[in-house]
Every structure is written in structure tokens, then in C-alpha cells.
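J.: Show me the folded form of this:
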Amino acid sequence: MITLQEIVKDYIQKTGISYAELGRKCGVNRTTAARWGSGQIRKLYGDQLQRLSDLVGYDVEYVLSNSYAPVKMPVLGYVRAGYDLFAEENYLGEEETSLDDARRADYFLKVTGDSMSGIGILDGSLVLVKKCDTIDSGKIGVVLVGDEVTVKRVVYEKNALRLAAANPDYEDRIFSMKDIETLPVRIIGKVISCKTYF
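T.: Numbering: from 1, shown residues only. You can find the predicted model right below:
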């Protein structure tokens, strides 16, 4: 069961907002907002409940009373499972997900192409992404290569970076340290999960 304390602390961690600012936005003083974050106050009512719901982007009352509470996250555009898709962020709407997933990630991207089909990331899939600029070797990342954006397994090799496909029809791409700096090649996210509709 999700608690008010978890909701408040997650929101503060994601946004960097202070308790004073949170209180101002919710119509309470800093001390009250801090008591929400410390777990001293566990319930909200009326206007405070509505203002906090508006702020975090989902129905706080529903979340507090249900073990599974769907929330909506933005679908910020397309990512290529393949290559040559120009990196342009286009808001495509929202996708429902669990609060737990919403706490671990920042947005969805819609996949075009099938170079990652071997691990279940298909053309049309939605990948849930956590913004980051580094990931562990072997993890699935969202990578900016010059002006294109792709989703691939990121493998660090001696003096090189391999973007590995999960479909034998596609070749891996290997970038030298010079390529990484000049193109540039940058990690912009880590894939947390994938949704595919049939």
C-alpha cells in the first residue's frame, strides 16, 4: 500500500521542490508539508487533497486507498529500434502505468523498427524510460547518435562503445572514443520496461 509519505517524498525527490514551496502550492505552511513527508500526517482532506493531486498529476485519494493505482505518464515521441530516425521530441499523448513504474521512470517512447525484436521490443512497443546519462554495460539504453535516437543494448568495450541489436538482421554499431566525442554519442535514458499491444 502506498502512503502519503511516499507520495510526498517521491515528488520532492523528482522535482527538487522544497517543503516550503510544496506547502505554498497546497495551501499549507512548510511545517505541515514537512509532516506529510516525515509520515507524521497520514491523511489529507478537501482542498489540500485536491491541490496535492493536481500537483503530482494523479488522484492521491485513490492511490492511498488502493494497492494498484494507475497513473498517466507522457509519451514523448519516437525511438528507433534500428537507425536513422531523426531525434525530434514529439508529444504523442499519455499512457497509463502503475504508480510503482511512474516512480522509477520519467516518460514513454514509442518504438519504430524491429532491431530489438529478439528481446520483445517490437515495432509499435512503448518503452518506459528513466532519464540518465550513464548506464551499466549490457543494459538497454536510449542513445543519441548525432541527430538520431535509437534503443539498443549498450556494451562498453576497450576504447569503444557497442550498440548491440537483438535481431540477427541488424548489425551492431561500434563507436570509437573519437566517434563518441565528435558525433556525439550520448546515453539519454535507460529502458525500464516495455509494453506491447497486439
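J.: Please name the nearest non-neighbouring residue to P74.
T.: Sequence neighbours aside, Y107 is the residue nearest to P74 in space, at 5.1 Å (criterion: CB to CB, 6 or more residues apart in numbering). Every residue, glycine included, has its C-beta placed from N, CA and C.
J.: Next, the one you found: phi, psi?
T.: phi -170, psi 170 (degrees, to the nearest 10).
J.: Next up, the contacts around G37.
T.: 5, 8-9, 12, 19 (CB atoms under 8 Å, 6 or more residues apart in numbering).
J.: From S65, how far off is it?
T.: 20 Å (CB to CB, to the nearest Å).
J.: and what of V8?
T.: Using CB to CB, which is the criterion applied here, V8 is 17 Å from S65.
J.: of the two, who's got more company?
T.: Set side by side, V8 and S65 show more neighbours around V8, with 26 against 11, by other CB atoms under 10 Å.
J.: re earlier: now the buried members of the contacts of G37.
T.: The neighbour count (16 or more other CB atoms under 10 Å) marks 5, 8-9, 12, 19 as buried among the contacts of G37.
J.: Show me how far the one helix or strand L49 maps to is from its chain's centre.
T.: Assigned by DSSP states H and E, L49 falls within helix 46-56. Averaged C-alpha coordinates place helix 46-56 at 23 Å from its chain's average position (CA atoms, centre = their mean, to the nearest Å).
J.: cool, and stretch 33-48?
T.: 26 Å.
J.: tell me which residues in that stretch are buried?
T.: 33-37, 41, 44, 48.
J.: Just the closest of the buried ones among the contacts of G37 to Y58, please.
T.: V8 (13.3 Å; CB to CB).
J.: any idea which helix or strand carries the closest one?
T.: Assigned by DSSP H and E, V8 falls within helix 4-15.
J.: between that helix and helix 46-56, how many degrees?
T.: Interaxial angle, helix 4-15 versus helix 46-56 (axes from the mean of the first three to the mean of the last three CA atoms, to 10 degrees): 40 degrees.
J.: Adjust the sequence numbering to begin at 16 for everything that follows.
T.: Sure thing, new numbering starts at 16, so read that last one as helix 19-30.
J.: Let me know the average pLDDT across helix 19-30.
T.: Averaged across helix 19-30, the pLDDT comes to 89.
J.: go on, stretch 33-53?
T.: The pLDDT scores in stretch 33-53 average 94.
J.: on that earlier part again, from the buried ones among the contacts of G52, which is closest to V200?
T.: I27 (33.2 Å).
J.: Look up how far G133 lies from V157.
T.: Relative to G133, and taking CB to CB, V157 is found at 18 Å.
J.: ugh, typo on my part, it should be V90
T.: In terms of CB to CB, V90 sits 24 Å off from G133.
J.: again, but for L141
T.: Taking CB to CB, one finds L141 at 18 Å from G133.
J.: and what of R45?
T.: 52 Å.
J.: go on, T211?
T.: Following CB to CB, the distance that separates T211 from G133 is 14 Å.
J.: and for these two, which residues touch both?
T.: Contacts common to T211 and G133, judged by CB under 8 Å, 6+ apart, are absent.
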